[in-house]
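K.L.:
got a sequence here, can you model it:
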Amino acid sequence: MCFKNNNDGTGDRVESSAADPILRVEGVTLAFGGVKALNQVGFSVASGSITTLIGPNGAGKTSLFNTISGFYKPNTGSIHVAGRDITHLAPPARAKLGLARSFQNIALFRGMTVLDNIKLGRHVHLRTNIFDALFYLGRARREELALREDIERRIVDFLEIDHIRHASVASLPYGLQKRVELARALAMQPTVLMLDEPVAGMNREETEDMARFILDLRAEWGITVLMVEHDMGMVMDLSDHVVVLNFGQVIADGTPAQVQADPEVIRAYLGAGDVADLRRRLRAEAA
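P.N.:
Next up is the predicted model:
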């Protein structure tokens, strides 16, 4: 499998210049009781890049995602978006600043339509008050119409889901549900899009479609992508930057080629230091 790696937003989001990291994690430690899920984790994500977190099962990738997005509070360390410390902000406040995410396990409202699920992603940016919404008064009506037009014109068309926009999510196959979840994250108008295993469980065709969408989001929309992924072919082909976690610590940080050749990464995946064997396996997966 091979993907070609090619190299805009509004609202209250903070922006970063291309030369500065849009996201910076510094010395983050997260413990559950006496068990450290993360231990002094630090790395940065360049604006406009695709950065991937990889590591064996239980390495701390999802814990780190949950910490960055605000579902977990770190014991120590800090998280910055475009130079602003967001460590103590709640998830909705982080979303307003341009941080959006999808989930490893699909978290859609199955009884609602595709369009209604996507519209929920924009609620953090809406200015309508409860009274306006209850009686569907002028401001609420105008905002609703503008929201619907923007979602259908940009997001639905971009992700090629116009034919299912009125379908119930529960009636859709798995691959299309994953695409709808991506659409809902895009409705949040992100500058940093966090994707937790975006192609997990997908077949080859669905994986290639998702990879194409991710590359186009970076190239056409200028969105920075941070993702967790186990598909090594996709990781090596799409990523500008790879961060490797093992037992809650960063053991490698660099380009795909640098990480692929790192002996510590080999040992983390194989446990036996068989560098040549893993290199052959990674090359085979990326072919």
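K.L.:
which residue lies nearest the spatial centre of the protein?
P.N.:
Met194 (1.7 Å; CA atoms, centre = their mean).
K.L.:
per-residue confidence for it?
P.N.:
The confidence metric pLDDT takes the value 96 at Met194.
K.L.:
contact partners for the closest residue to Glu197 other than its chain neighbours?
P.N.:
Nearest in space to Glu197, with sequence neighbours left out and distances taken as CB to CB, 6 or more residues apart in numbering, is Gln104 at 4.7 Å. In short, each C-beta sits where N, CA and C put it, glycine included. The neighbours of Gln104, taking CB atoms under 8 Å, 6 or more residues apart in numbering as the test, are 62, 196-197, 200, 228.
K.L.:
10 Å instead?
P.N.:
61-62, 65, 195-198, 200-201, 228 (CB atoms under 10 Å, 6 or more residues apart in numbering).
K.L.:
hang on, the earlier thing: can you tell me the closest non-neighbouring residue to the residue nearest to the centre of the chain?
P.N.:
Met194 sits nearest to Arg101 (CB to CB, 6+ apart), 3.7 Å away.
K.L.:
what about the one you found, neighbour count?
P.N.:
25 (other CB atoms under 10 Å).
K.L.:
pretty sure it is touching Leu64, no?
P.N.:
No: assessed by CB atoms under 10 Å, Arg101 is found out of contact with Leu64, at 11.8 Å.
K.L.:
quickly list what's touching both of these two.
P.N.:
Leu226.
K.L.:
just to revisit the earlier point, surely the residue nearest to the centre of the chain is within a helix?
P.N.:
No: applying DSSP: H, G, I helix; E, B strand; the rest coil, one finds Met194 to be strand, outside a helix.
K.L.:
is it true that it touches Leu226?
P.N.:
Yes: with contacts counted by CB under 10 Å, Met194 reaches Leu226, the gap being 5.0 Å.
K.L.:
give me the common contacts of these two.
P.N.:
Common neighbours of Met194 and Leu226 (CB under 10 Å, 6+ apart) are 23, 45, 53, 65, 68, 99, 101.
K.L.:
give the helix, strand or coil label for the third one.
P.N.:
Under three-state DSSP, the three-state class of Leu53 is strand.
K.L.:
beta partners for it?
P.N.:
Taking DSSP bridges as the rule, Leu53 bridges to Val228, Val243.
K.L.:
begin at 9 from here
P.N.:
Happy to do that; since the first residue is 9 now, the last one works out to Leu61.
K.L.:
number of nearby residues for it?
P.N.:
Close neighbours of Leu61, defined as other CB under 10 Å, add up to 26.
K.L.:
now do the second one
P.N.:
Neighbour count for Val53, taken as other CB under 10 Å: 24.
K.L.:
the residue nearest to Asn125 when sequence neighbours are not counted - how many residues pack around it?
P.N.:
Counting by CB to CB, 6+ apart, Asn125 lies nearest to Leu116, which is 5.2 Å off, once chain neighbours are set aside. Residues near Leu116, counting by other CB under 10 Å, number 19.
K.L.:
what about the strands in the stretch 159-295 of the chain?
P.N.:
200-204, 232-236, 249-254, 257-262 (DSSP state E, counting those that start in this stretch).
K.L.:
and Met202, what is it in contact with?
P.N.:
31, 53, 61, 73, 76-77, 107-111, 193, 232-236.
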